[in-house]
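# attaching a predicted model along with its sequence, questions to come.
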Amino acid sequence: MHRKSLIAALSLLSAFSAQQSAQAQEYPVLPHSARYSITLVEAKVGEVTMLDGDLSIDLIKGCTNWTLQSHFNLAAGNQGGAGFVLVMNQAATESLDGRRFEFKTNVVVNDAPEETYQGIATLKEDGRGEAEFTLPEQKNVRLPEGTLFPINAMRTNLNAAWGAQQGLMNYIYFDGSELSAWRATDLVAGTPEPLDAQAQDPDGITKIGQPKRIVTTLFDLTNTDAEPISTYISDILPNGIVTRLTMDLGFLVAEARLVEVLAIPEPEC
């Protein structure tokens with residue numbers, strides 16, 4: 001479950017980087033390339049006392065799809081020297097209308113292939129649909145009414161977050177990180193921290209708009225009384241750029257901080 005939570009965290013950070021605000025004319029989606037540093041905030045159960053890592057994400061807008069490409073390195077250990085090195089490469093495309101999602105995630109632990117999730121998911125207008133996995137096994141998964149893929153999920157909820165009514169937002173979330181969807185909630189709560197002074201932003205895109213803090217919680221889809229699987233606190237700008245993400249994975253709390261961000265030009269369609 002720990003590694004699956006990390007995959008979900010990566011997917012959420014990628015998705016937050018792809019959204020529109022309710023003020024889309026003033027704050028349009030900004031395709032960009034971003035790099036983050038990953039550090040340990042708290043080890044809850046003594047499994048991990050040291051953590052170091054980095055993450056790179058490219059968000060590219062095409063004429064029919066968004067493309068997300070990410071590379072994630074994480075080294076964790078304890079005082080006894082035991083630990084692991086985890087590498088994840090993720091590539092996904094989501095249609096601009098949010099109805100088709102193609103995904104592939106490779107997970108390598110200590111130089112040994114661990115997991116690969118690959119497939120294509122499609123939705124009808126009401127959010128019902130199906131995910132067809134080819135890896136780790138051939139399997140078709142039904143997606144319930146109201147399912148949202150990563151980009152459309154965060155676009156919908158950020159529209160609400162920057163809108164007039166800012167309440168608790170509940171939805172079904174499918175990111176291809178497991179052979180099922182998640183139940184998810186978003187809540188605008190707390191005060192964002194300032195962008196790190198050393199973060200590189202030559203295009204000035206982190207200066208567009210005021211940030212908000214959004215708390216996202218993932219639950220098991222089938223168990224309505226389940227405890228949260230993981231919780232993520234994002235400091236995010238209305239143009240979709242995440243400046244800081246705190247990940248509570250149950251056994252540890254880690255933080256991703258923006259190191260560098262560059263704008264990527266949009267195509268002429």
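Received it, and whenever you're ready, just let me know what you need.
# tally of neighbours for the residue lying closest to residue 95 once chain neighbours are set aside?
With Cβ to Cβ, 6 or more residues apart in numbering as the criterion, residue 95 has its nearest non-adjacent residue at 5.5 Å, and that residue is residue 65. C-betas here are computed from N, CA, C, even on glycine. Counted with other Cβ atoms under 10 Å, the neighbours of residue 65 add up to 18.
# so for residue 72, what's the pLDDT?
For residue 72, the pLDDT comes out at 89.
# and the gap between it and residue 140?
Remark: distance between residue 72 and residue 140 (Cβ to Cβ, to the nearest Å) = 28 Å.
# and for residue 200?
From residue 200 across to residue 140, the span is 44 Å (Cβ to Cβ).
# equivalent analysis for residue 55, please.
31 Å.
# so which bits of the helix or strand hosting residue 258 are buried?
According to DSSP states H and E, residue 258 maps onto strand 252-263. The neighbour-count check on strand 252-263 (16 or more other Cβ atoms under 10 Å) flags 252, 253, 254, 255, 256, 257, 258, 259, 261 as buried.
# stretch 122-129 now?
Residues of stretch 122-129 classed as buried: 123, 127, 129 (neighbour count, 16+ other Cβ under 10 Å).
# so for residue 200 and residue 140, which residue has more residues nearby?
Neighbour tally, residue 200 and residue 140, criterion other Cβ under 10 Å: the higher count belongs to residue 200, 13 against 9.
# report the beta-bridge partners for the closest residue to the more buried one other than its chain neighbours.
Leaving out its chain neighbours, the residue that sits closest to residue 200 by Cβ to Cβ, 6+ apart is residue 260, at 4.1 Å. Note on residue 260: beta-bridge partners by DSSP bridges are residue 35, residue 200.
# for residue 260, what are its contacts?
34, 35, 199, 200, 201 (Cβ atoms under 8 Å, 6 or more residues apart in numbering).
# what bits of the stretch 151-269 of the chain have low per-residue confidence?
158, 163-167, 224-225 (pLDDT under 70).
# what's the answer for the stretch 1-150 of the chain, then?
Low-confidence segments of the stretch 1-150 of the chain (pLDDT under 70): 1-29, 45-47, 81-82.
# quick one, strands of it?
Counting by DSSP state E, counting those that start in this stretch, one finds strands in the stretch 1-150 of the chain at the ranges 32-43, 50-61, 65-77, 83-95, 100-109, 112-123, 129-135, 139-143, 147-148.
# now tabulate the ones you listed in CSV and tack on distance to residue 239.
Converted to CSV, the strands of the stretch 1-150 of the chain look like this (distance: least, Cβ to Cβ, whole Å):
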stretch, distance to residue 239
strand 32-43, 9
strand 50-61, 11
strand 65-77, 15
strand 83-95, 18
strand 100-109, 23
strand 112-123, 26
strand 129-135, 29
strand 139-143, 29
strand 147-148, 20
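# what about residue 139, how many residues nearby?
The number of residues near residue 139, taken as other Cβ under 10 Å, comes to 12.
# how close does residue 200 get to residue 187?
31 Å.
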